[in-house]
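> Sequence first, then the predicted structure:
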Amino acid sequence: MPTVHFTDTEGTTRDIDANPGDSVMETAVRNGVPGIVAECGGSLSCATCHVFVAENQLDELDEMSEMEDEMLYGTTEDREDNSRLSCQLKITEDTDLHVTTPETQV
Amino acid sequence: MSTTQESTTAEAAGSTAATAAGTSTTHTETGMLIVGASQAGVQLAISLRGTGFEEPITLLGEEDHRPYQRPALSKEFLQGKVDKENLIFRSAEYWDEHDITLVKNSRIERIEKKPDGSGTALATDGQEHPFLRIALAVGARARPLQVPGADLTGVSYLRSADDALDLKGRLDEFTDVVVIGGGFIGLEVACSLHGMGKTTTVLEHGSRLIGRAVGEETSDYFLKAHRERGVDIVLNSRVESLVDSGNGTVSGVKLEDGTFVPAQLVIVGIGVIPNTGLAEQMGLEVDNGIVVDGYALASDGSTIAVGDVANMPNPLPGSPEGERIRLESVNNAIEHAKVAAYSVSGRREEYAGIPWFWSNQADMKLQIAGLSMGFDSTVVRRVDDKGKFTVLYYREGQIIAADCVNTPLDFMAVRAALGKNQQIPAEAAADPDVMLKSLVVDREDTR
Ligand SMILES: Cc1cc2nc3c(=O)[nH]c(=O)nc-3n(C[C@H](O)[C@H](O)[C@H](O)COP(=O)(O)OP(=O)(O)OC[C@H]3O[C@@H](n4cnc5c(N)ncnc54)[C@H](O)[C@@H]3O)c2cc1C
Ligand code: FES
């Protein structure tokens, strides 16, 4: 089963089983993972689903759109090279993704 | 009994075993009864737990669905890009783990409240829900069209998942659609259906599109953009009646000037009416919504009212003293519910967020930061000819809002500046090649 590992700023990790086809954001929200707000419900409008993806997994991800790139300039916690908006990360059969949630989204 | 209990907690199971349909049953007293299980009610339940509220919480709604998000109904859901399951807020386990009892398919028709804030809510199915404290998160309903023929089959509204499911089920039955109302919902539905190959006409009563929410430049931009994409838009249109095809279904719309626009489907999107019935029955002050103070408290000082149903002080920093507003947005439902949760937990915080809103229409993403009401000048930034467009709104020289079409950088810059009570000087902002973020300065005058 695909799994997403969410680590918060204090270092606590929650491993969540995910459904293929869902986004990383949806997986987080449905299970109430703290640190993901996702006001716009995945429509790439709010930038409150910001995560940092494990450096060694960046290549596995689909490339980001120009819109996502621009939105990332407005995240509450400054973007890093491994920043992504989790609503844009789709889960596949063999996803085993490690992400860190920022201290704050708003 | 039609009430659905979605909880495994002992509390819920306690005294709820109704014996026969219609039998009145009194539930165990809940600490907080939240009436309305949508964006605001859901957030209130979550935030109450987040702020350390320990009493049992009951989240009750009349819809027979697990609480879901509405915005996609007119967009991604209608277009078939996501299904209902994607719109569900939280898994059932989440509610159980947080000791929040979810009651679906139950409509509260009367509330008896004592002066100390406690009382009993009575549902139409005979269930009684005693509470220590109550919150009204009952939102708004679609404003009904009042012309002859408005009740014909084929005339739809889009407020709930049931509306959207019904609409989706009938997509094959029509080729021509008329959307009455050129606001957000109307335009979103129109371009969703146009994108699916339907001949689409929008009839707008006013002289411009989305007149309530955006200024003239943005209205004009959308008018041109939608027409270019093939949606027919008629401004200043007066609907006289909806025409019966002969068997009780709609065949089109007749305008006062005699024009007939054929349609097998008519979708009405002419705004919403806040659900203030319960509040009125409780004797609360009501004026275009339930009147609340800066802590989301109604006029009795204990009932909470949050989200679309609440008429509250304008939360934007620097707004004129005493100005009140009712906002219809996800962001407001969330922020307002948080304020209410703080207020219940004794950590009072006034609502001073930066309201924002989004709408997706065809390939255009509109993001609005702040509230443009009361603006006295605008600055238009056309960033390039690839459909990017921003309008900045100023009041007495201070920036108060922005409409951003496909310009997330501008949106983010304005939202952040407003949040920090900062200023973006108008003259410099007119140059689209300059990044707004680089222009932000502290306000000289914080009023
Ligand atoms: C199609 C559509 C698209 C939208 N798009 C956007 C968008 O892109 N961006 C955005 O910011 N906002 C959008 N909105 C607005 C947003 O969905 C609302 O602002 C938000 O849902 C308000 O939340 P609420 O909880 O206050 O009210 P509501 O969502 O209206 O919920 C109120 C709930 O209370 C229930 N209820 C009412 N009376 C009773 C009763 N007596 N007993 C029991 N239950 C009761 C209702 O059935 C309903 O479920 C859209 C809305 C719609 C309909
Ligand atoms: S959920 Fe809003 S941008 Fe991802």
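That came through fine. Ligands and ions are numbered 1, 2, ... in the order given.
> Quick check: closest non-adjacent residue to residue 47.
You didn't pick a chain, so chain A it is. Among residues not flanking residue A:47 along the chain, residue A:71 sits closest, at 4.6 Å (C-beta to C-beta, 6 or more residues apart in numbering or on different chains). Heads up, the C-betas are built off the backbone N, CA and C, glycines and all.
> ah, I was thinking of chain B
In this structure, residue B:47 finds its nearest non-sequential neighbour in residue B:341, 3.5 Å apart by C-beta to C-beta, 6+ apart.
> Can you name the residues that contact that neighbour?
Listed by C-beta atoms under 8 Å, 6 or more residues apart in numbering or on different chains, the contact set of residue B:341 reads B:44, B:47-48, B:50-51, B:53.
> Regarding it, what is its secondary structure?
Assigned by DSSP: H, G, I helix; E, B strand; the rest coil, the conformation of residue B:341 is helix.
> before we move on, which element is whichever residue of the stretch 101-250 of chain B sits closest to chain A in?
Nearest residue of the stretch 101-250 of chain B to chain A (C-beta to the nearest C-beta) works out as residue B:188 at 11.2 Å. Using DSSP states H and E, the element containing residue B:188 is helix B:184-195.
> distance of the residue of chain B found nearest chain A from residue B:391?
When scored by C-beta to the nearest C-beta, chain B has residue B:412 as its residue closest to chain A, at 2.4 Å. Between residue B:412 and residue B:391 the distance is 16 Å, computed by C-beta to C-beta, to the nearest Å.
> for residue B:129, same thing?
Distance, residue B:129 to residue B:391, by C-beta to C-beta: 47 Å.
> What number of residues are in the vicinity of the residue of the stretch 101-250 of chain B closest to chain A?
25 (other C-beta atoms under 10 Å in any protein chain shown).
> And for residue A:34?
13.
> How about the one 10 residues further on?
The criterion is other C-beta under 10 Å. On that basis, residue A:44 has 19 neighbouring residues.
> The closest residue to it other than its chain neighbours: how many residues sit nearby?
Distance criterion C-beta to C-beta, 6+ apart; nearest residue to residue A:44, sequence neighbours excluded, is residue A:67 at 5.8 Å. Applying other C-beta under 10 Å, we find 15 residues neighbouring residue A:67.
> So which residues make contact with the strand or helix carrying residue A:67?
Assigned by DSSP H and E, residue A:67 falls within helix A:66-72. Helix A:66-72 is contacted from outside by A:44-45, A:47, A:50, A:64, A:79, A:83-85, A:88, B:365, B:406-409, B:412, using C-beta under 8 Å, 6+ apart.
> which among these gets closest to residue B:35?
Taking C-beta to C-beta as the measure, residue B:35 lies nearest residue A:45 of the contacts of helix A:66-72, at 28.8 Å.
> which secondary structure element contains the closest residue to residue B:166 other than its chain neighbours?
In this structure, residue B:166 finds its nearest non-sequential neighbour in residue B:156, 6.9 Å apart by C-beta to C-beta, 6+ apart. Assigned by DSSP H and E, residue B:156 falls within strand B:155-157.
> And that strand, what does it pack against?
Packing contacts for strand B:155-157, counted by 3 or more C-beta pairs under 8 Å, 6 or more residues apart in numbering or on different chains; DSSP states H and E, involve helix B:161-169, strand B:265-268.
> who wins for proximity to residue B:146 among these?
strand B:265-268 (10.2 Å).
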